[in-house]
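Enquirer: Just a sequence and a predicted model for now, questions to come.
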Amino acid sequence: MSYYERHVFFCTNQREGGKACCGDHGSAELRAYAKERTKELAIAGAGRVRVNIAGCMGRCEEGPVLVVYPEGVWYTYEDKADLDEIIEEHLQHGRIVDALRI
């Protein structure tokens with residue numbers, strides 16, 4: 001069994017020279033929000049959910065992106081409301097949010 005039920009990786013990569021990147025969409029701040037929100041909901045920690053920073057995951061044009069493992073489901077998001085939906089539906093209830101899936 002895995003140490004975490006679900007592991008969420010947020011790309012927070014920042015590129016130079018005007019190249020597309022998740023960092024241009026506030027991904028670091030939104031990742032921090034998701035991490036705090038999982039703590040508030042008491043779903044963070046061993047046996048539950050872990051929210052982590054990731055470097056470039058190669059999907060810059062679709063950013064910002066995050067991926068949830070072990071399912072391997074990729075999402076894009078725009079704001080806290082999108083993250084709230086992912087947290088409530090996928091992380092709490094195991095239901096994939098098709099509208100945000102890439």
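Expert: Thanks, I have the structure now. Treat the numbers as computed from the prediction; the structure is a model and nothing was measured.
Enquirer: all helices for the chain, in order.
Expert: Here the chain has its helices, by DSSP state H, at 27-40, 80-85, 93.
Enquirer: Could you identify which of those is most buried?
Expert: Comparing these by mean neighbour count (mean count of other CB atoms under 10 Å), helix 27-40 comes out on top with a mean of 17. The C-beta positions use only the backbone N, C-alpha and C, and glycine is treated the same way.
Enquirer: Just put the helices of the chain in a markdown table and tack on distance to residue 16 and mean pLDDT.
Expert: Shown next, in a markdown table, are those (distance: least, CB to CB, whole Å; pLDDT from 0 to 100):
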| stretch | distance to residue 16 | mean pLDDT |
| --- | --- | --- |
| helix 27-40 | 16 | 97 |
| helix 80-85 | 27 | 98 |
| helix 93 | 40 | 97 |
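Enquirer: Those into TSV, with extra columns for distance to residue 61?
Expert: Output for these, formatted as TSV (distance: least, CB to CB, whole Å):
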stretch	distance to residue 61
helix 27-40	14
helix 80-85	18
helix 93	30
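Enquirer: and of those, who's closest to residue 99?
Expert: Comparing the helices of the chain by their distance to residue 99 (CB to CB), the top pick is helix 80-85, with 8.0 Å.
Enquirer: Contacts only, for residue 88.
Expert: With contact set as CB atoms under 8 Å, 6 or more residues apart in numbering, residue 88 has no partners.
Enquirer: and the gap between it and residue 34?
Expert: Distance, residue 88 to residue 34, by CB to CB, to the nearest Å: 12 Å.
Enquirer: what about this protein, any weak spots by pLDDT?
Expert: 1 (pLDDT under 70).
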